[in-house]
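Q: take this sequence and fold it.
(one chain, ligands or ions: 2)
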Amino acid sequence: MEDCNKIWNVLLLEISNKISTVSYDMWFNSLEPLTIAHNKLILVAKLKSTKNTINSNYRNIILDEIKKLNSYVDDFIIITPEEIPVYENQLQEDKKEKETVENYSFFDNNFTFDKFVVGQSNQIVYVAANAVAKQPGTLHNPLFIYGGVGLGKTHIMHAIGNEILKHNKKAKILYCTTEQFVNDFIDSIRNNKDNNEQNRKFREKYRNVDILMLDDIQFLAGKTGTQEALFHTFNDLYQYKKQIVLSSDRHPKELTFLEERLQSRFASGLTVDISTPDLETRIAILQKKAFFKNVNLPIEVVYFIAERFDSNIRELEGALQKVIFYCQLVGKEPDNIEIIKEALKDDIDVTTHILSIDTIVDATCSYYNVKKQEIIGKKKLKQIAYARQVAIYLINDMLGVPLATIGSYFGGRDHTTIIYARDKIEEQSKTDNMLANQIKDIKNMIQKR
Ligand code: ADP
Ligand code: MG
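A: Numbers count the residues shown, from 1 in each chain. Ligands and ions are numbered 1, 2, ... in the order given. Model (predicted):
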């Protein structure tokens with residue numbers, strides 16, 4: 001039983017802090033946890049003398065620690081190897097439990113709700129998935145998530161699994177790819193000889209669950225047999241109010257290869273879509289990923305990457321990974337655009353300039369002959385502040401990105417500062433010819449690049 005090892009490891013750690021190393025090594029090191037029977041942790045000591053010593057000298061220490069655990073275990077017994085057969089029945093049961101547990105899924109702990117950045121593109125999916133994790137089977141059944149590749153469908157499904165398991169370790173959650181489901185189904189009908197046995201296994205695996213998550217069901221195309229099996233599985237689970245979560249690259253209505261009855265089942269719960277993330281969300285994702293990878297990226301580098309990988313989060317992440325790898329290789333820090341361009345030269349076209357915040361800032365800087373670091377930074381020198389305001393005006397005018405995004409580019413300035421700068425330049429350029437011409441010049445410069 002896996003609990004038994006876990007509990008014993010925690011106890012050992014606590015006990016090792018309470019007694020001398022010598023006694024610990026002498027008496028505790030060789031103990032092996034066997035199982036848990038009637039709320040008692042069963043430990044095996046190789047020698048009778050160990051058993052006796054622990055019982056007479058350490059019983060209370062161990063009991064104290066057991067109580068602190070607050071688990072269903074409330075006592076322990078030490079046995080010698082000859083006594084193991086007494087627990088044969090319990091051990092058989094442990095084995096059975098282990099076998100059935102193996103049917104359920106383990107979830108990637110990188111894919112949690114915590115690590116999922118929420119923006120306009122995925123907010124609805126996030127809220128719906130959270131609700132399903134809190135009350136599986138009751139609110140939205142099935143939950144159908146659709147959207148393009150690399151936008152977070154699998155992440156969110158794992159997050160549901162992780163979240164439910166956090167509150168209920170015994171929840172029977174099965175996540176599987178559609179490929180796996182198809183393969184299992186094919187296995188279940190392949191061997192005529194032990195057809196029944198295989199069939200039973202398939203049904204047991206997919207119908208004895210509290211939550212079934214099937215990823216990428218567009219791969220059911222052309223698999224009529226599997227569709228039929230899924231139809232029955234679906235009905236069975238649904239009838240018992242078991243949660244079903246499905247993902248696909250398109251809306252159920254567009255899964256035209258599906259039998260109609262399946263299509264309408266899939267769309268009968270809540271259908272939510274995940275779309276491509278806007279710049280702000282991509283920036284936040286990149287920053288979060290960099291944080292978890294312990295990498296420091298200056299804001300202009302974050303922008304540079306986020307502006308160029310705009311359709312797929314997996315690729316955005318891949319770009320970050322590549323940058324990190326490249327920088328390690330050449331022994332440099334990813335702290336300027338030049339090194340990023342080198343790292344990503346195969347993935348982005350560094351010769352043609354895309355119209356981005358960065359391009360506008362670069363052009364403004366060179367026009368006014370100020371440094372980028374200064375314009376992004378806090379300096380209040382008149383010349384720098386002026387260039388900064390013009391840049392802010394131009395970004396708003398030419399790109400229309402949200403004020404908060406502009407603010408975070410300029411070292412976390414709040415949006416009132418941004419509004420002030422934009423309005424000031426806009427007003428002034430109506431009467432100040434020189435400024436109006438400067439703006440025209442910079443725009444020309446940008447467009448010619
Ligand atoms: P899909 O299943 O839709 O093809 P994935 O769930 O595999 O996409 O996501 C691809 C990568 O992008 C994963 O590493 C995932 O962690 C990451 N990702 C996607 N959306 C987000 C998000 N909102 N926040 C953080 N990471 C995300
Ligand atoms: Mg996926």
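Q: tell me the pLDDT of Asp346.
A: The model reports Asp346 with a pLDDT of 87.
Q: contacting residues around Ile145?
A: By Cβ atoms under 8 Å, 6 or more residues apart in numbering, Ile145 lies in contact with 125, 128-129, 153, 156-157, 245-248, 272-274. Using the backbone N, CA and C atoms, a C-beta is placed for each residue, glycine as well.
Q: kindly recompute the last result at 6 Å.
A: With Cβ atoms under 6 Å, 6 or more residues apart in numbering as the criterion, the residues that contact Ile145 are 125, 153, 247, 272.
Q: next: Ala133.
A: For Ala133, the contact set (Cβ under 6 Å, 6+ apart) comprises 160, 163-164.
Q: how about those residues in CSV, adding pLDDT, distance to ligand 1 and secondary structure?
A: Formatted as CSV, the contacts of Ala133 follow (pLDDT from 0 to 100; distance: Cβ to the nearest ligand atom, whole Å; DSSP: H, G, I helix; E, B strand; the rest coil):
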residue, pLDDT, distance to ligand 1, secondary structure
Ile160, 97, 12, helix
Glu163, 95, 15, helix
Ile164, 94, 18, helix
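Q: if you rank these by neighbours, which is first?
A: Counting neighbours by other Cβ atoms under 10 Å, Ile160 comes out on top of the contacts of Ala133 with 28 neighbours.
Q: quick one: which helix or strand includes Lys289?
A: Element membership of Lys289, judged by DSSP states H and E, is helix 279-292.
Q: quick check: next helix or strand after the helix or strand of the chain with the lowest mean pLDDT?
A: Here the helix or strand of the chain ranked lowest by mean pLDDT, DSSP states H and E is helix 88-101, holding a mean of 74. Counting by DSSP H and E, the next helix or strand C-terminal to helix 88-101 is helix 123-134.
Q: what distance separates the start and the end of stretch 74-83?
A: In terms of Cα to Cα, to the nearest Å, the two terminal residues of stretch 74-83 are separated by 21 Å.
Q: buried ones in it, by neighbour count?
A: Neighbour-count burial for stretch 74-83 flags 76-78 (criterion: 16 or more other Cβ atoms under 10 Å).
Q: got phi/psi on the residue in the stretch 1-150 of the chain positioned nearest to ligand 1?
A: In the stretch 1-150 of the chain, the residue that lies nearest ligand 1 is Val117 (3.7 Å; Cβ to the nearest ligand atom). When read as degrees, to the nearest 10, the backbone of Val117 gives phi -80, psi 130.
Q: next: Tyr175.
A: Dihedral angles for Tyr175 - degrees, to the nearest 10 - are phi -110, psi 130.
Q: just checking, it touches Leu214?
A: No - applying Cβ atoms under 6 Å, one finds Tyr175 not in contact with Leu214, separated by 8.2 Å.
Q: the two: who's more crowded?
A: Using other Cβ under 10 Å as the criterion, Tyr175 and Leu214 rank with Leu214 on top: 25 against 22.
Q: separation between the more buried one and ligand 1?
A: Plainly put, Leu214 is 13 Å away from ligand 1 if you go by Cβ to the nearest ligand atom, to the nearest Å.
Q: got a list of what that residue touches?
A: 178, 246.
Q: now do the helix or strand Glu427 falls within: which elements does it pack against?
A: Here Glu427 sits within helix 415-431, counting by DSSP H and E. Here helix 415-431 touches helix 382-399, helix 403-409, helix 433-448, going by 3 or more Cβ pairs under 6 Å, 6 or more residues apart in numbering; DSSP states H and E.
Q: tell me the pLDDT at the residue in the stretch 101-250 of the chain that ligand 2 sits nearest to?
A: Nearest residue of the stretch 101-250 of the chain to ligand 2 (Cβ to the ion) works out as Thr154 at 3.2 Å. Thr154 carries a pLDDT value of 96.
Q: same check on Leu355?
A: Note for Leu355: predicted pLDDT of 79.
Q: Gln428 now?
A: On pLDDT, Gln428 comes in at 95.
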